[in-house]
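Colleague: Sequence unavailable; structure follows:
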């Protein structure tokens, strides 16, 4: 059955993942519709980052199903590269390529993976760098940029692949407080443009503002979810209440 | 009297020590020059007493010949380094292959040539390689110096392979993840992301390896290559003068020092620059 945009873009069903003898995901189920922004919150070690890595097959799952635009990720015959062309990911540690300039970082994958025309890609890359408000930094190496600037270049690098969904893995957790805002603004603009986003974050204010759905995970299970207003105003589960009390 | 034969450093395999590697320092050069001055002085006195030509004059007389021999040392070190590196990089990549048989095979090769004493490898190459080989009607001779160059290239290859493997492993895992999530293949990740970053990390230890190789080239005198060490021995036997022995070998040592010292300094400077980032 072919995927149509009225079905969930990412459909996660009863996903289990074990590292050694630690079960980090104990049956997670969630759907993300096209243009939806989902924030996943929860204590450290609750499996949030692992869940994102399962979606683009960086981490294989043992049980359950993840459908991305109808394509099963938990399939040994999966074309991982085709999947990853549709799914962009931004990491906590930015992971820019330190030997390449900002512009080259953004251009590398479209030119070499998608085999697109270099000139066309360069125009797009410059536009993306302008979009993340870093015009003038095209020729800088990652080492010459602040953490926040590197993270925005990393976002531009993912966007250059024209993905259908973006995964953000605690992208502001390693940043100096004064550079966090620029990155969050970039992500919010992206969300407003209609990009489908799955965001793992500890920034509650940001989650409340940008998300359509908030998911709270604890100990590898999904405790509760709901629209942000409802979620923050009346958390139903005791664990959610306790977590929110601790950080708000 | 040698207490234990395996204490001879020549018989030991070369290894990068975990701690601070041995480095040529300015102090070593100063000590060497002072020692040379002292022994030449003593030698001059002995020569005068015996009514023989002066030490300095004799050394200068033989210097052009010594230079010829030294040129061969440098040529061998260049070639062995080139061959060893060209063979060592693919071997290093095989060490991190995803295919277990490739990994196991390359591991075995690396271990053998890294741990075998250099002198043993030299003898193997000298004795096992033919003195000439034939392609069609052309006969390509394999002189002794070329065979020993191959012998020296083998441990260089194995050590370069280890350098490549170590450098690849030292690249943070996030770089792999980032490249993978951009749908890059393993090959693309390796050649465009990982290896370019390795070059910088590998350069100082690789230069160190070159310096070690250069001072190892006199080993070939044992298998009869006419390099500087052999020639020094020939000169001494033709002069047949005992007071010349120590000055002559110290003089040869000075040549090696003058050649290797700048390399050691450059290695140090590169390491410092890369450490600061």
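Modeller: Here it is on my side, so go on. None of these values were measured; they are calculated from a predicted model.

Colleague: So which bits of chain B are right by chain A?
Modeller: Contact residues (Cβ under 8 Å from any Cβ of the partner chain) of chain B with chain A: B:172, B:174-175, B:177-185, B:188, B:192-193, B:196-197, B:200, B:277. For every residue, glycine as well, the C-beta is placed using N, CA and C.

Colleague: what about the chain, any weak spots by pLDDT?
Modeller: All of this is about chain A. Within chain A, the segments meeting pLDDT under 70 span A:1.

Colleague: not what I meant, chain B
Modeller: Using pLDDT under 70, chain B drops low at B:1-22, B:275-277.

Colleague: all strands in it, in order from the N-terminus.
Modeller: Using DSSP state E, the strands of chain B run over residues B:132-135, B:138-141.

Colleague: packing partners for the last one?
Modeller: Contact analysis of strand B:138-141 by 3 or more Cβ pairs under 8 Å, 6 or more residues apart in numbering or on different chains; DSSP states H and E lists strand B:132-135 as its packing neighbours.

Colleague: report the longest helix in chain A, please.
Modeller: helix A:177-192 (DSSP state H).

Colleague: returning to that earlier point: just the buried residues of the residues of chain B next to chain A.
Modeller: B:175, B:177-184, B:188, B:192-193, B:197 (16 or more other Cβ atoms under 10 Å in any protein chain shown).

Colleague: All the strands of chain A, residue numbers only.
Modeller: So, for chain A - with DSSP E - the strands run A:10-19, A:22-32, A:37-41, A:63-68, A:71-72, A:87-90, A:165-169, A:196-200, A:213-218, A:221-226.

Colleague: got the angle for the third one vs strand A:10-19?
Modeller: Spelled out, that is strand A:37-41. Computed by axes from the mean of the first three to the mean of the last three Cα atoms, to 10 degrees, the angle separating strand A:37-41 from strand A:10-19 equals 20 degrees.

Colleague: Okay, buried residues for strand A:37-41 please.
Modeller: Those would be A:37-41, for strand A:37-41 by 16+ other Cβ under 10 Å.

Colleague: Which elements pack onto it?
Modeller: Where contact means 3+ Cβ pairs under 8 Å, 6+ apart, strand A:37-41 is packed against helix A:48-55, strand A:196-200, helix A:204-210, strand A:213-218.

Colleague: let's see it at 7 Å
Modeller: Under the contact criterion of 3 or more Cβ pairs under 7 Å, 6 or more residues apart in numbering or on different chains; DSSP states H and E, strand A:37-41 touches strand A:196-200, helix A:204-210, strand A:213-218.

Colleague: which helices and strands does the second one pack with?
Modeller: The one in question is helix A:204-210. Helix A:204-210 packs on strand A:37-41, helix A:177-192, helix A:228-233, going by 3+ Cβ pairs under 7 Å, 6+ apart.

Colleague: Please identify the most buried of these.
Modeller: Greatest average neighbour count among these goes to strand A:37-41 (a mean of 25), per mean count of other Cβ atoms under 10 Å in any protein chain shown.

Colleague: and it, which strands flank it?
Modeller: strand A:196-200 (parallel), strand A:213-218 (parallel) (DSSP bridges).

Colleague: what's the burial count for residue A:65?
Modeller: 15 (other Cβ atoms under 10 Å in any protein chain shown).

Colleague: how close does the residue nearest to it when sequence neighbours are not counted get to residue A:37?
Modeller: Sequence neighbours aside, residue A:13 is the residue nearest to residue A:65 in space, at 4.6 Å (criterion: Cβ to Cβ, 6 or more residues apart in numbering or on different chains). Separation of residue A:13 from residue A:37 (Cβ to Cβ, to the nearest Å) stands at 21 Å.

Colleague: Residue B:148 now?
Modeller: With Cβ to Cβ as the criterion, residue B:148 and residue A:37 are 68 Å apart.

Colleague: Over to residue B:196?
Modeller: 36 Å.

Colleague: picking that back up, same for the longest helix of chain A, what does it pack against?
Modeller: Using 3+ Cβ pairs under 7 Å, 6+ apart: helix A:177-192 touches helix A:147-159, strand A:196-200, helix A:204-210.

Colleague: which non-adjacent residue is nearest the residue nearest the centre of chain B?
Modeller: Central residue of chain B (Cα atoms, centre = their mean): residue B:213, 0.2 Å from the mean position. Using Cβ to Cβ, 6+ apart and skipping the chain neighbours, the partner closest in space to residue B:213 is residue B:77 (5.3 Å).

Colleague: so the one you found touches residue B:217, yeah?
Modeller: Yes. Using Cβ atoms under 7 Å, residue B:77 is in contact with residue B:217, at 5.4 Å.

Colleague: Phi first, then psi, for residue 99.
Modeller: All of this refers to chain A. phi -90, psi 0 (degrees, to the nearest 10).

Colleague: Can you look at chain B instead?
Modeller: Dihedral angles (degrees, to the nearest 10) for residue B:99: phi -90, psi 120.

Colleague: Distance check, it against residue A:66.
Modeller: Taking Cβ to Cβ, one finds residue B:99 at 29 Å from residue A:66.

Colleague: Just want to know which of those two has more residues nearby.
Modeller: residue A:66 (22 against 9).

Colleague: Tell me the spacing between residue A:226 and residue A:53.
Modeller: For residue A:226 relative to residue A:53 (Cβ to Cβ), the value is 25 Å.

Colleague: So which of these two has more stuff around it?
Modeller: Using other Cβ under 10 Å as the criterion, residue A:226 and residue A:53 rank with residue A:53 on top: 20 against 17.

Colleague: Around residue 105, how many other residues sit close by?
Modeller: No chain was given, so I picked chain A. 28.

Colleague: try again with chain B
Modeller: 15.

Colleague: number of nearby residues for the closest residue to it other than its chain neighbours?
Modeller: Using Cβ to Cβ, 6+ apart and skipping the chain neighbours, the partner closest in space to residue B:105 is residue B:94 (7.3 Å). Neighbour count for residue B:94, taken as other Cβ under 10 Å: 20.

Colleague: How about the contacts made by residue B:94?
Modeller: B:102-103, B:106 (Cβ atoms under 7 Å, 6 or more residues apart in numbering or on different chains).

Colleague: Let's check: the centremost residue of chain A is which one?
Modeller: Chain A, centroid-nearest residue using Cα atoms, centre = their mean: residue A:167 at 1.4 Å.

Colleague: Just list whatever residues bridge to it.
Modeller: Bridge pairing for residue A:167 - DSSP bridges - gives residue A:89, residue A:198.

Colleague: Wait, it touches residue A:50, no?
Modeller: No. Using Cβ under 7 Å, residue A:167 makes no contact with residue A:50, being 11.8 Å away.

Colleague: Between the two ends of stretch B:182-196, how far is it?
Modeller: Distance between the two ends of stretch B:182-196: 18 Å, counting by Cα to Cα, to the nearest Å.

Colleague: What are the contacting residues of that stretch?
Modeller: With Cβ under 7 Å, 6+ apart, stretch B:182-196 has contacts from A:81, A:84-85, A:97, A:99, A:108-109, A:112-113, A:161, B:168, B:171, B:175-176, B:179-180.

Colleague: Show me what from chain A comes close to chain B.
Modeller: By the rule Cβ under 7 Å from any Cβ of the partner chain, the part of chain A lying against chain B is A:56, A:58, A:81, A:84-85, A:89, A:91, A:93, A:95, A:97-99, A:108-109, A:112-113, A:143, A:161.

Colleague: Out of these, which end up buried?
Modeller: Buried among the residues of chain A next to chain B by 16+ other Cβ under 10 Å: A:56, A:58, A:84-85, A:89, A:91, A:93, A:95, A:97-99, A:108-109, A:112-113, A:161.

Colleague: Sort out for me which of these are in helices.
Modeller: Filtering those for helices - DSSP H - leaves A:84-85, A:108-109, A:112.
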